[in-house]
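In: Predicted model follows, preceded by the sequence.
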Amino acid sequence: GSLLFAENLHKGFGRTTALDGAAFSIHPGEVVAVLGPSGSGKSTLLHCLAGIVAPDSGTVHYDGRELTALPDRERSALRRTEFGFVFQFGQLVPELSCTENVALPLRLAGVRRRAAERTAREWLERLEVADIGGHRPGEVSGGQGQRVAVARALVTSPRVVFADEPTGALDSYSGERVMELLTDAARALNTAVVLVTHEARVAAYSDREIVVRDGRTRDPDLAL
Ligand code: ADP
Ligand code: ADP
C-alpha cells in the first residue's frame, strides 16, 4: 500500500485557487517527482502532504493515520520525527557550523551533543563535504550548502523527505550531483522522496512523475 496518499485536495488563498482536486500517492522508498509550470500548485501540494498547510477540503493519509485529522501537536511531532525537508535556500541556521546544523534534528530528538555531532559528521562524509563541517553556512558554496541541507534532512532516517526545488539555486553540474547523492542516500534508507521541480533533468532522478496543472494532478503512467 501507499505510505502517503491524498485525495481531492482543494486549497485557496483569497481569490486564488492553488489546488483544485489534487491527488497523490507514494510507496515506501519511492522517489516521486511533482512536475508542472510555475504557479500550478506544486509547493502547495507539498505543504499539504507534509502537514504544513491545511487543505480547505480533501484528506491526506500517512502510514494508516489521517494526517489532516490529527491535532497540531501530533502533526508537528510527526514532521519532526518521520519527515525531512530540503528547500531551495535559506534553511540552514547561519550562526551554527555545518556540523551543528546537521546535528540539530538529532539534538531536538534528545540525542546528546557528542553522539549527534558524530552522526552529523558521518552524514557530511557521505555527502562528500566532510571538510566543511567546522564552517558556517555563509562560508560555503551553494552546492556545498545544499549537501549540508540534504544531510540534515536525512540524519534522522526519516520515512519521507520533502524536497522543493532542491537544486533550483545551483548550476546544472552541482545540481545533478546533489540529486544523485540525495536519491542514493534515500534509496539506501528506504526513505520516500517527494521531489517538487519544474526541470525535467531533475525529475529524471525519480521513479515516477506526477504532473500538476491548474491545481489538478495527472499521473502520466496511468492510462486515463
Ligand atoms: P497500488 O499499490 O496499486 O499503487 P495504492 O497503495 O496507492 O495502490 O492504493 C490505492 C488506493 O488504496 C489509494 O488511492 C487509497 O484510496 C487506498 N489506500 C492506500 N493505502 C491506504 C492506507 N494505508 N489506508 C487506507 N487506504 C489506503
Ligand atoms: P508552484 O509551486 O507550482 O509554483 P504554488 O503552490 O506555489 O505553485 O502556488 C499556486 C498558486 O497559489 C499561485 O497562484 C500562488 O501565487 C498562490 N499561492 C501560493 N501560496 C500562497 C500564499 N501563501 N498566499 C497567497 N497565494 C499563494
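Out: Everything's here; your move. Ligands and ions are numbered 1, 2, ... in the order given.
In: so where's this protein shaky on pLDDT?
Out: 90, 221-224 (pLDDT under 70).
In: please redo it, this time with the cut-off set to 50
Out: 223-224 (pLDDT under 50).
In: Any idea what the residue lying closest to Ala203 once chain neighbours are set aside is bridged to?
Out: Sequence neighbours aside, Ala33 is the residue nearest to Ala203 in space, at 3.7 Å (criterion: CB to CB, 6 or more residues apart in numbering). Every residue, glycine included, has its C-beta placed from N, CA and C. Beta-bridge partners recorded for Ala33 (DSSP bridges): Leu195, Glu209.
In: tell me the contacts of Ala33?
Out: Contacts for Ala33 were tallied using CB atoms under 8 Å, 6 or more residues apart in numbering; they are 195-197, 202-203, 205-206, 208-210.
In: Next: His47.
Out: Val53.
In: do you know how far it is from ligand 2?
Out: Remark: distance between His47 and ligand 2 (CB to the nearest ligand atom, to the nearest Å) = 8 Å.
In: Got phi/psi on that residue?
Out: phi -60, psi -40 (degrees, to the nearest 10).
In: and what of Glu199?
Out: The phi/psi pair for Glu199 (degrees, to the nearest 10) is phi -110, psi 120.
In: Skipping its backbone neighbours, what lies nearest it in space?
Out: Thr167 (7.6 Å).
In: can you confirm that neighbour is in a strand?
Out: No - per DSSP: H, G, I helix; E, B strand; the rest coil, Thr167 lies outside any strand segment and is coil.
In: Neighbours of it, how many?
Out: Residues within reach of Thr167, counting by other CB atoms under 10 Å, total 26.
In: distance of it from Glu125?
Out: 21 Å (CB to CB, to the nearest Å).
In: The closest residue to Val129 other than its chain neighbours: what's it in contact with?
Out: The shortest distance from Val129 to any non-neighbouring residue, by CB to CB, 6+ apart, is to Arg147 (4.7 Å). Going by CB under 8 Å, 6+ apart, Arg147 touches 124, 127-129, 178, 181.
In: cool, Gly138 as well?
Out: Taking CB under 8 Å, 6+ apart, one finds Pro94 in contact with Gly138.
In: Looks to me like it is in a helix.
Out: Yes - Gly138: assigned to a helix according to three-state DSSP.
In: What ranges does this protein have for its helices?
Out: 42-49, 72-82, 98-108, 113-126, 142-154, 172-189, 200-203 (DSSP state H).
In: what does the protein have sitting close to ligand 1?
Out: Within the chain, the positions adjacent to ligand 1 are 1-2, 5, 25, 61, 64 by CB under 6 Å from any ligand atom.
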